[in-house]
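[1] Quick one, fold the following:
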Amino acid sequence: MPTNDLTYTVTGKFTNSMIELGAHLPALKNDTYTFHEVHDITHKDVNGTVTNALLIHMKRDSGDDDPLSWNGTDADVAIPTITPSTQKTVHADSPGFNWTAADALIFIFHEPFDQAIVDDMQKKVRIKYNEVKLIGPFSATWSNKNVKNTEEWDNPVVKPRKAGMTIISKL
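    Model (predicted):
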């Protein structure tokens, strides 16, 4: 049976007043990670079911945006603690993150802000929540980024943009 790719997924603690997370990312020797944008993409479906969700953008300070692969042995990379007062961008369709809920879906996405991708993720929160409930945390290509090949300007190079998805439960 194949195992899920856990790169970009997290482990963490969740209480009424904080979320502490560690990301499954490879150790870097000459670079660092920055987790610079947190989006509240909590979703409410047509039946009124609310699914807590946060999207955290990750980037490498060097600007290198090549896809990463966690080997399963590197220590988790600490993400700054998230609290109710942490600055978050609340999606227009989000009913708001519920700090008293039993769990939350956490996305880590290696790409700078792109509203179309945030909108797409927010629409699919419930679907991804159910997938993670069924198969456990995983990462997958969410979109592609076209990058010009400097030697062949007419042939763009496509780099996959991966997202890790994990459900964390209330302590």
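[2] mind checking how far His72 is from Thr7?
    Actually, residue 72 is Gly. It isn't His. Using CB to CB, to the nearest Å, Gly72 is found at 9 Å from Thr7. The way it works is simple: take the backbone N, C-alpha and C, and place the C-beta from them, glycine included.
[3] can you list residues touching both of the two?
    Shared contacts of Gly72 and Thr7, defined by CB atoms under 8 Å, 6 or more residues apart in numbering, are found at His24.
[4] Who has more neighbours out of the two?
    Neighbour count, other CB atoms under 10 Å: between Gly72 and Thr7, Thr7 has more, with 21 against 10.
[5] Just give the nearest non-adjacent residue to the more buried one, would you?
    In space, and not counting its chain neighbours, Thr7 is closest to Trp70: 4.0 Å by CB to CB, 6 or more residues apart in numbering.
[6] Then Thr166?
    Nearest one to Thr166, counting by CB to CB, 6+ apart, is Pro137 at 4.1 Å.
[7] Backbone dihedrals for the one you found, please?
    phi -60, psi 150 (degrees, to the nearest 10).
[8] In this protein, where is pLDDT below threshold?
    Applying pLDDT under 70 to the predicted model, the residue ranges of the chain that meet it are 1-3, 112-113, 143-160.
[9] Show me what the strand or helix carrying Asn130 is packed up against.
    If you go by DSSP states H and E, Asn130 is part of helix 125-135. Packing contacts for helix 125-135, counted by 3 or more CB pairs under 8 Å, 6 or more residues apart in numbering; DSSP states H and E, involve strand 50-51, strand 103-110, strand 152-169.
[10] center of this structure, which residue is that?
    For the chain, the residue nearest the mean C-alpha position is Ile108 (1.7 Å; CA atoms, centre = their mean).
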